[in-house]
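Engineer: any chance you can model this:
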Amino acid sequence: MEQTSNKGISFFDLWQNPEMKSVRRFFLIYLLLFTIIIGYGTYFLGQQFKNEYIESNAAITGTLLKQHPELQEDLMVLLTKDVSEDEKRIGMNILHEYGISSNLSMVFFPQLNDFFKTLTLCAIFTFLLFFVCLIGAHYWFSKRIYTQIRGLTVHADQILEGKSISSLPEIREGDISKLLHSFNRMRFVIQKNIADLEKEKRFLVNLMSDISHQLKTPLASLTMYNDIMIEKDLSKDQQLLFLEQGKQQLERMNWLIQSLLKLAKLDVGAIQFQKRNASLAHTIQGSVNILKELATQKGIQLTVLKTKDYILKHDSDWMTEALVNVIKNAIEHTATGKGVSVMLEDSDNLCKIHIRDQGNGIARDEIRNIFKRFYQGKKNKKSGSVGIGLSLSKAIVEGHNGIIQVESQIGVGTTFTFIFPKN
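Structural biologist: Residues are numbered from 1 along each chain as shown. Model (predicted):
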């Protein structure tokens, strides 16, 4: 729908306005009816005045002929011919001698008096009819407009109260319909903002709950270690052991807090990826290098299968974060002596990164849950895992317009595949 400008309203705008067209149509019909009534009333009063005039002349003629029958032809001639100004003046002078003039009260002319009473009543009745119809029309149009305005007020109050309402109908054209259209747009924006605020509120509540829940165990461990070291007489080796365990818990808490904050920022769109055209093979190799030592400690063979490189527009740091989380997860679920491989595959329209392990595999009914925050597999719960790494990787990959697919077979292993469309 076209936007309504805030410039002044011209006569042409009002003339073309659909609401004013309906008002104009009504008043034209009303004026036509009123004109017909006035015309018929004028014709009726004219006929009555003519009859009164004829009756008055008939009374004079009858009175004169009763006394002077011989004047009949002369009187008929006088009644039907035009009277000259001299004759009219002579007649007026004679009437003035007997006190008959325009200043004489109407009561001395019974027929004219009755006629003017009828004329006055008709004029009053016509005016009252016109006034009542005008007031009625004004009331009807005002009621229609104010009903719509009050309806908008009720809907606006419901929106402010957080209630969900449907769109108002925009069937007709005109300024009222434009107002309804603007109101519907405003309703959509306000309800969306309210929904976003509620979503953010729930997100913050859940985030605080998650952080509180996940920090509870390492904090309890740190408190216990600290109490033991304070209250008991420990040897230096025992003290070093508890300090080392405390350090591990602190590192775990730091990693957990940093991961949760990263995931929270990704969820609310607070992070803008610095995407640049860069070598994907270089990013993969950097991720593998970070985990080489961990793989060696566990006796896992971590390899990068040589394939053709591809330049992908991505944020290398965040992509490294996603790869490290998935590769680390693969290492943790692979037994000593087996291997984890990473391979880059380049096709016509897609770019894929495959991360394969030789672990125990994931049950089919669990695959849809592994990317949920803090989810841990039923058969693969480990003391150091909190189930947040895969959620973070999924958010990063989706932030690069990609998806993650998972294929797994119990006793054989699991393959995570990052799939990106080519730019």
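Engineer: give me the neighbour count for the residue nearest to residue 299 when sequence neighbours are not counted.
Structural biologist: Nearest residue to residue 299, sequence neighbours excluded (CB to CB, 6 or more residues apart in numbering): residue 336, at 3.8 Å. Any C-beta I mention is one placed from the backbone N, CA and C, and that applies to glycine too. Neighbourhood size, residue 336 [other CB atoms under 10 Å]: 8.
Engineer: where does the stretch 1-150 of the chain dip in pLDDT?
Structural biologist: Residue ranges of the stretch 1-150 of the chain with pLDDT under 70: 1-22, 104, 106-109, 111.
Engineer: now the terminal residues of stretch 392-407, how far apart.
Structural biologist: The first residue of stretch 392-407 is 19 Å away from its last residue (CA to CA, to the nearest Å).
Engineer: quick one on the thing from earlier: show me what contacts the residue nearest to residue 299?
Structural biologist: Contacts for residue 336 were tallied using CB atoms under 8 Å, 6 or more residues apart in numbering; they are 298-300.
Engineer: what distance separates the one helix or strand residue 266 maps to from the centre of its chain?
Structural biologist: Using DSSP states H and E, residue 266 maps to helix 236-267. Put simply, helix 236-267 sits 45 Å off its chain's centre (CA atoms, centre = their mean, to the nearest Å).
Engineer: what's the closest of the contacts of residue 336 to residue 414?
Structural biologist: Residue 414 lies nearest to residue 300 out of the contacts of residue 336, by CB to CB, at 14.1 Å.
Engineer: could you check how far the helix or strand encompassing residue 224 is from the centre of its chain?
Structural biologist: Per DSSP H and E: residue 224 is located in helix 175-231. Relative to its chain's centre, helix 175-231 lies at 23 Å (CA atoms, centre = their mean).
Engineer: ok but the residue nearest to residue 299 is inside a helix, no?
Structural biologist: No. Read with DSSP: H, G, I helix; E, B strand; the rest coil, residue 336 is coil and lies in no helix.
Engineer: can you tell me how far it sits from residue 362?
Structural biologist: 20 Å (CB to CB, to the nearest Å).
Engineer: give me the secondary structure label for the residue lying farthest from the centre of the chain.
Structural biologist: Of all residues in the chain, residue 70 has its C-alpha farthest from the mean position, at 98.0 Å, by CA atoms, centre = their mean. Secondary structure, three-state DSSP: residue 70 is helix.
Engineer: and the closest residue to residue 179 other than its chain neighbours, how many neighbours does it have?
Structural biologist: Nearest residue to residue 179 in three dimensions, chain neighbours excluded: residue 152, at 7.4 Å (CB to CB, 6+ apart). Residues near residue 152, counting by other CB under 10 Å, number 15.
Engineer: do residue 58 as well
Structural biologist: 11.
Engineer: in which helix or strand does it reside?
Structural biologist: Using DSSP H and E, the element containing residue 58 is helix 18-67.
Engineer: taking helix 18-67 as reference, get the angle to the helix holding residue 224.
Structural biologist: In terms of direction (axes from the mean of the first three to the mean of the last three CA atoms, to 10 degrees), helix 175-231 departs from helix 18-67 by 150 degrees.
Engineer: just want the angle from helix 175-231 to helix 236-267.
Structural biologist: Angle of helix 175-231 versus helix 236-267, following the same axes, to 10 degrees, is 180 degrees.
Engineer: and the average pLDDT for helix 175-231 is what?
Structural biologist: Computed over helix 175-231, the mean pLDDT rounds to 76.
Engineer: if we can go back for a sec, can you give the distance of the helix or strand where the residue nearest to residue 179 lies from its chain's centre?
Structural biologist: Taking DSSP H and E as the criterion, residue 152 maps to helix 110-160. Its chain's C-alpha centre and that of helix 110-160 lie 39 Å apart, by CA atoms, centre = their mean.
Engineer: do a quick rundown of the strands in the stretch 301-423 of the chain.
Structural biologist: With strands called from DSSP state E, counting those that start in this stretch, the stretch 301-423 of the chain shows them at 301-305, 311-314, 339-346, 350-357, 403-409, 413-421.
Engineer: most surrounded residue in the contacts of residue 336?
Structural biologist: Those, ranked by neighbours (other CB under 10 Å): first place residue 300, 23 neighbours.
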